[in-house]
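# give me coordinates for this.
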Amino acid sequence: MKTPKHILPIIVLAQFCCTSLWFASNAVMLDLVANFGLSDAAIGNLTSAVQFGFISGTLLFAIMTITDRFSPSRVFFICALFGALCNAALLWPDNTIGTLLVFRYLTGFFLAGIYPVGMKIAADYYDKGLGTSLGYLVGALVVGTSFPHLLKNFDESLSWQSVISVTSVLAFFGGLVLWAMVPNGPFRKRSQKLQLNAFFKVFQNRKFKTAAFGYFGHMWELYTFWAFTPFLLQTFSVTHATKINIPLWSFVIIGVGGLACVVAGYMSTNRGPKLVARSALLLSGICCLLLPLFFLLGNQTLYIAFLVFWGMVVIADSPLFSTMVAQNAIPEFKGTALTIVNCLGYTITIISIQFLSFLTQYSTSIWVYTFLVLGPIFGLYHLFSRNSG
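Predicted structure coming up:
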């Protein structure tokens, strides 16, 4: 049975619309600080709240094998609806740091039914060429994540409230379209009953573990880089007394990774996902170490070009790790396997983000960012291991 041509574009569109919720608060962080009297630690705390919510959601979804027992499209829509409502709650004028943290946590919780579920839906439709399909899908996540920064670029005509409103409407629209136009895929194997041991079963496959550990190393670096991209630009601007359009370049640096995901997906069809993933992770690790050099050179064009390149290689391996995870998972637990790996990966992002937040409170040195290289080193060790399969 040939997959209808509209399926992948609809999944990609829905993923883009719904994942715009992820960094919506980061794009308007300065406005939130000013309007609700937040401290400078808000960026790390609010970003981590989303990640923690995502972890809680993926953990629950994995243990309950939600996406393998129920229609993934329906799960996607329900989570998109509630995620949009929680995001819109940021507009409540009586918000405090406590309520903002709760709303961001809940947004992250419902994103657990969007990102990994979107990959599960793609895996249910595309057996061959899964790397290319997930390349488009993760690319949509990247552009969706960066989209609020682009909206914020139109600050003079678009208020921060509008940024939140637009992302909320987009999320609802994305969930509705996917639910209406993407039924269950032909390669879906439904799990008939609740199996609590599925969380541990999936790691019994050696190749699955290799893909998962590579992904964990990648995640140590990825979201921390994304979360602090505006501050990497701001620090350069202040240190070298130069003017940078921070929202616009934050969008470009993060968003260009979407193109890199698509290119990496196509490359994986000829060279294999493991080889392409290793190459991207190696280049990304090198960028972690070279950041101080490009910062100290003081050339704005060169520095931004370096960050754009880093923004490409830091995410290019993500769809390939997901491809390897899906291909090596037990078929009836494919959705659960993707969800588990996401859960553990995003747990790692909280540790990384909070650690960098801690370091930046005690040091303004650009060298503190080089600790991100620990993730690529860990991932590459397992990908090059003789026991990797």
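# give me the below-cutoff pLDDT ranges for this protein.
1, 40, 43, 127-130, 154-158, 185-204, 330-335, 386-389 (pLDDT under 70).
# can you give me the neighbour number for the closest residue to Gln300 other than its chain neighbours?
By the measure of Cβ to Cβ, 6 or more residues apart in numbering, the closest residue to Gln300 outside its immediate chain neighbours is Thr242, 5.2 Å from it. For glycine as for every other residue, the C-beta is placed from the backbone atoms N, C-alpha and C. Other residues near Thr242 come to 12 when the count uses other Cβ atoms under 10 Å.
# phi, psi of Thr242?
phi -130, psi 160 (degrees, to the nearest 10).
# helices along the stretch 101-250 of the chain, start to end?
115-125, 130-153, 160-181, 198-201, 206-239, 246-271 (DSSP state H, counting those that start in this stretch).
# with only the CA atoms kept, save the third one in PDB.
Provided in PDB are the C-alpha atoms of helix 160-181 (Å, rounded to 0.1, in the frame of the first residue of the first chain):
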ATOM      1  CA  TRP A 160       4.600  39.800  23.500                       C
ATOM      2  CA  GLN A 161       1.000  39.000  24.100                       C
ATOM      3  CA  SER A 162       0.500  38.500  20.400                       C
ATOM      4  CA  VAL A 163       3.500  36.100  20.200                       C
ATOM      5  CA  ILE A 164       1.800  34.000  22.900                       C
ATOM      6  CA  SER A 165      -1.600  34.200  21.200                       C
ATOM      7  CA  VAL A 166      -0.300  33.300  17.700                       C
ATOM      8  CA  THR A 167       1.700  30.300  19.000                       C
ATOM      9  CA  SER A 168      -1.400  29.000  20.900                       C
ATOM     10  CA  VAL A 169      -3.700  29.300  17.900                       C
ATOM     11  CA  LEU A 170      -1.100  27.600  15.700                       C
ATOM     12  CA  ALA A 171      -0.900  24.700  18.100                       C
ATOM     13  CA  PHE A 172      -4.600  24.100  18.200                       C
ATOM     14  CA  PHE A 173      -4.800  24.400  14.400                       C
ATOM     15  CA  GLY A 174      -1.900  21.900  13.900                       C
ATOM     16  CA  GLY A 175      -3.500  19.300  16.200                       C
ATOM     17  CA  LEU A 176      -6.900  19.700  14.500                       C
ATOM     18  CA  VAL A 177      -5.500  19.300  11.000                       C
ATOM     19  CA  LEU A 178      -3.500  16.200  11.900                       C
ATOM     20  CA  TRP A 179      -6.400  14.500  13.700                       C
ATOM     21  CA  ALA A 180      -8.700  15.200  10.700                       C
ATOM     22  CA  MET A 181      -6.400  14.200   7.900                       C
END
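# and it, what's buried?
160, 162-168, 170-179, 181 (16 or more other Cβ atoms under 10 Å).
# sorry, back to before: most neighbours per residue, which of the helices of the stretch 101-250 of the chain?
helix 115-125 (a mean of 27; mean count of other Cβ atoms under 10 Å).
# with distance to Arg69 added, can I get the helices of the stretch 101-250 of the chain in CSV?
Below are these laid out as CSV (distance: least, Cβ to Cβ, whole Å):
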stretch, distance to Arg69
helix 115-125, 12
helix 130-153, 22
helix 160-181, 17
helix 198-201, 11
helix 206-239, 21
helix 246-271, 29
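# quick one, which of the ones you listed gets closest to Val12.
Among the helices of the stretch 101-250 of the chain, the nearest to Val12 by Cβ to Cβ is helix 130-153 (4.5 Å).
# tell me the angle of the closest one relative to helix 206-239?
Per axes from the mean of the first three to the mean of the last three Cα atoms, to 10 degrees, the angle that helix 130-153 makes with helix 206-239 is 20 degrees.
# which strands and helices sit next to helix 130-153?
helix 7-19, helix 24-27, helix 115-125, helix 160-181, helix 246-271, helix 318-327 (3 or more Cβ pairs under 8 Å, 6 or more residues apart in numbering; DSSP states H and E).
# what's the closest of those to Ser357?
Of all the helices and strands packed on helix 130-153, helix 24-27 sits nearest to Ser357, with 12.9 Å by Cβ to Cβ.
# other SSEs contacting that closest one?
Other elements packing on helix 24-27 under the criterion 3+ Cβ pairs under 8 Å, 6+ apart are helix 42-63, helix 97-111, helix 130-153, helix 160-181.
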